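Q: Give me a model of this one.
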Amino acid sequence: MEASPSHSFVSLFLVAMCFCLADCYDPLDPNGNITITYDIQTWTTRGYVARVTVQNYYQFRHVEKPGWKLGWTWVRGEVIWSMSGAFATEQGNCSLFKYDTPHSCVESPMILELMSKASPANRSDGCCNGGVLSSWAVDPSKSFSSFEITVGSSDEDGNEQHPANITLMAPGPGYTCSPFLDANPTVSSVIDGKRQVQVFRTWKSTCTYSMFVDNKTPLCCVSLSTFYSSTITPCPACSCGCRKSDKSSVQCIREEYQLPTADSADNRALVQCSDHMCPVRVHWHLKANYVNHWRVKLTVSNYNYDRNYSNWNILVQHPGFNQPTEAFSFNSSQLPSFRFGDELGLFWGIEYYNTELVQSSEGNLGYVTTEILLKKDLESFTLRNGWALPRRVYFNGDTCEMPLPDTFPMLPNGISKHSFSLSLFILLFLNHLFW
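A: Numbers count the residues shown, from 1 in each chain. Alright, predicted model coming up:
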């Protein structure tokens, strides 16, 4: 029976809604967001002093260099008299003010955080790190920044209005922010925590990330290998773009963002040529199988020729993480998940050792690596059907392209002693050569 036009329309609508929800909702971090809090602390003769806080609640998506960029639109012709901890990128036309010149008279200012080397006179509590924010699970103490702003208004009724059209670049596109909404006034402690004080008014906006809005080509891919298979499963071809026809070239140009308004000079990256064309590759090697444990080697390689990744992190979904885990050269943490239980392992660099994933050169590939020891759940442990390999991998909050399951390294079905010895020799040789 042929479907009616109305039924087809409803089906298409439901499919579109599913794609939208799948894109805007990350099941591994369902509550992740960046919250903008706007606190009015004191009133002035014709305006107020406010503190603005940018808080990253994403578990494993951090804000890397060059940091966040925050914008909004004034609704009553306000001006910014002064700022500490941050600055507006444009002063604008302040010709109406003959004596004191405001910091910015732009209707829609764009604000950046000061760098760590800013002078004490320009600093405020909670600044200044150039807009770089750690993810919440890695370091909550570095997951927020704040600045103070003195606002002047042409209205004298004291009925101040919150800014509109909130925008956030962190550092690229991809974030959609809700309007500022009234919230319970922010409360803080003074006098060694013995007294609680609150601000006069608080507005909050929630910003969420979407890969669809970002419109960014994939950043990373995953390759796999195991001790029991001589086959190395590479990253899928064209994971992050396809290599040009000239196979002899060593360096390739890769488009970072496919946005028509982007500056072409900032829209390109120089990477090592590969079949996958990804700036970052994550390799998972099942190295050994013990009675009560198994050992994995995790390697993250940077194919960029002109970019380092600072304070990187790797999230791996794997059923083995519901048991105690030990990483020898990375920091690690198990992230509880309502949907996936304890299958999520988060890894990041050790300070002063490997927090920087350095760029590659002609002769060297930048990488960081660790071995991971996982305790077996003897009731469910198995090596069959790719169980020993990760389900999903994220790098800095971006999903990595995974190989198809039918390409995973599989257990041999049965071999003679002679072929077993030859296979074992090949495995040991590959193990010595690559790991």
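Q: CA only for contacts and neighbour counts going forward, please
A: OK.
Q: Show me the shaky parts of the stretch 151-300 of the chain.
A: In the predicted model of the stretch 151-300 of the chain, residues 154-158, 245, 256-267 satisfy pLDDT under 70.
Q: what's the neighbour count on residue 370?
A: Neighbours of residue 370 under the rule other C-alpha atoms under 10 Å: 17.
Q: and it, what helix or strand is that in?
A: strand 366-375 (DSSP states H and E).
Q: Starting from that strand, tell me which strands it pairs with and how they run.
A: Sheet pairing here is set by DSSP bridges, and for strand 366-375 it gives strand 293-302 (antiparallel), strand 325-327 (antiparallel).
Q: then the first one to PDB, C-alphas only?
A: Translated: strand 293-302. The C-alpha trace of strand 293-302 is given here as PDB (Å, rounded to 0.1, in the frame of the first residue of the first chain):
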ATOM      1  CA  HIS A 293      44.600  -8.700  33.700                       C
ATOM      2  CA  TRP A 294      45.200  -7.500  30.200                       C
ATOM      3  CA  ARG A 295      47.600  -4.900  28.900                       C
ATOM      4  CA  VAL A 296      46.900  -2.200  26.300                       C
ATOM      5  CA  LYS A 297      49.200   0.300  24.600                       C
ATOM      6  CA  LEU A 298      47.400   3.600  23.700                       C
ATOM      7  CA  THR A 299      49.200   6.000  21.400                       C
ATOM      8  CA  VAL A 300      48.100   9.400  20.200                       C
ATOM      9  CA  SER A 301      49.900  10.800  17.200                       C
ATOM     10  CA  ASN A 302      49.900  14.400  15.900                       C
END
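Q: separation between the closest residue to residue 398 other than its chain neighbours and residue 400?
A: Spatial nearest neighbour of residue 398, excluding adjacent residues (C-alpha to C-alpha, 6 or more residues apart in numbering): residue 219 at 7.0 Å. The gap separating residue 219 from residue 400 is 7 Å, by C-alpha to C-alpha, to the nearest Å.
Q: before we move on, back to that, so for the strand holding residue 370, mean pLDDT?
A: Averaging pLDDT along strand 366-375 yields 95.
Q: After that strand, which helix or strand is next? Please name it.
A: With elements assigned by DSSP H and E, the helix or strand that comes after strand 366-375 is strand 392-395.
Q: Packing partners of that following strand?
A: On a contact count with 3 or more C-alpha pairs under 8 Å, 6 or more residues apart in numbering; DSSP states H and E, strand 392-395 meets strand 313-317.
Q: Tell me the strands beside the strand it packs on, with direction?
A: strand 341-348 (antiparallel), strand 392-395 (antiparallel).
Q: which residues are in contact with the last one?
A: Going back to what we said before, that points to strand 392-395. Applying C-alpha atoms under 8 Å, 6 or more residues apart in numbering, the contact partners of strand 392-395 are 220, 222, 312-318, 399-400, 402.
Q: Swap in 10 Å and give it another go.
A: 28, 60-61, 219-222, 280-282, 300, 312-318, 344-347, 399-402 (C-alpha atoms under 10 Å, 6 or more residues apart in numbering).
Q: which helices and strands does the helix or strand just after it pack with?
A: Once the chain leaves strand 392-395, the next helix or strand it forms, by DSSP H and E, is strand 398-399. Here strand 398-399 touches strand 220-226, strand 313-317, going by 3 or more C-alpha pairs under 10 Å, 6 or more residues apart in numbering; DSSP states H and E.
Q: Select, out of those strands, the one closest to residue 366.
A: strand 220-226 (14.3 Å; C-alpha to C-alpha).
Q: What is the distance between the closest one and the centre of its chain?
A: A distance of 20 Å separates the centroid of the chain from that of strand 220-226, by C-alpha atoms, centre = their mean, to the nearest Å.
Q: Could you do stretch 137-149 as well?
A: Taking C-alpha atoms, centre = their mean, one finds stretch 137-149 lying 15 Å from the centre of the chain it belongs to.
Q: CA atoms of that stretch as CSV?
A: Taking C-alpha atoms only, stretch 137-149 is exported to CSV below (Å, rounded to 0.1, in the frame of the first residue of the first chain):
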residue,chain,number,x,y,z
ALA,A,137,36.4,16.1,34.7
VAL,A,138,40.1,17.0,34.2
ASP,A,139,40.5,20.0,36.4
PRO,A,140,37.4,21.8,37.8
SER,A,141,39.6,24.6,39.3
LYS,A,142,40.6,25.7,35.8
SER,A,143,37.3,25.1,34.1
PHE,A,144,36.0,28.7,34.6
SER,A,145,37.1,32.3,34.1
SER,A,146,35.4,35.6,35.1
PHE,A,147,35.8,39.3,34.6
GLU,A,148,34.3,42.6,35.9
ILE,A,149,32.6,45.1,33.8
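Q: Could you list the buried residues of that stretch?
A: Neighbour-count burial for stretch 137-149 flags 137-138, 142-149 (criterion: 16 or more other C-alpha atoms under 10 Å).
Q: Kindly reformat those as CSV containing distance to residue 180.
A: Output for the buried residues of stretch 137-149, formatted as CSV (distance: C-alpha to C-alpha, whole Å):
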residue, distance to residue 180
137, 26
138, 28
142, 24
143, 21
144, 18
145, 18
146, 17
147, 17
148, 17
149, 17
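Q: Including secondary structure, pLDDT and distance to residue 131, could those go into JSON lines?
A: Listed next are those as JSON lines, based on DSSP: H, G, I helix; E, B strand; the rest coil; pLDDT from 0 to 100; distance: C-alpha to C-alpha, whole Å:
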{"residue": "137", "secondary structure": "coil", "pLDDT": "94", "distance to residue 131": "18"}
{"residue": "138", "secondary structure": "coil", "pLDDT": "94", "distance to residue 131": "17"}
{"residue": "142", "secondary structure": "helix", "pLDDT": "95", "distance to residue 131": "11"}
{"residue": "143", "secondary structure": "coil", "pLDDT": "96", "distance to residue 131": "10"}
{"residue": "144", "secondary structure": "strand", "pLDDT": "96", "distance to residue 131": "9"}
{"residue": "145", "secondary structure": "strand", "pLDDT": "96", "distance to residue 131": "7"}
{"residue": "146", "secondary structure": "strand", "pLDDT": "96", "distance to residue 131": "10"}
{"residue": "147", "secondary structure": "strand", "pLDDT": "97", "distance to residue 131": "11"}
{"residue": "148", "secondary structure": "strand", "pLDDT": "97", "distance to residue 131": "15"}
{"residue": "149", "secondary structure": "strand", "pLDDT": "96", "distance to residue 131": "16"}
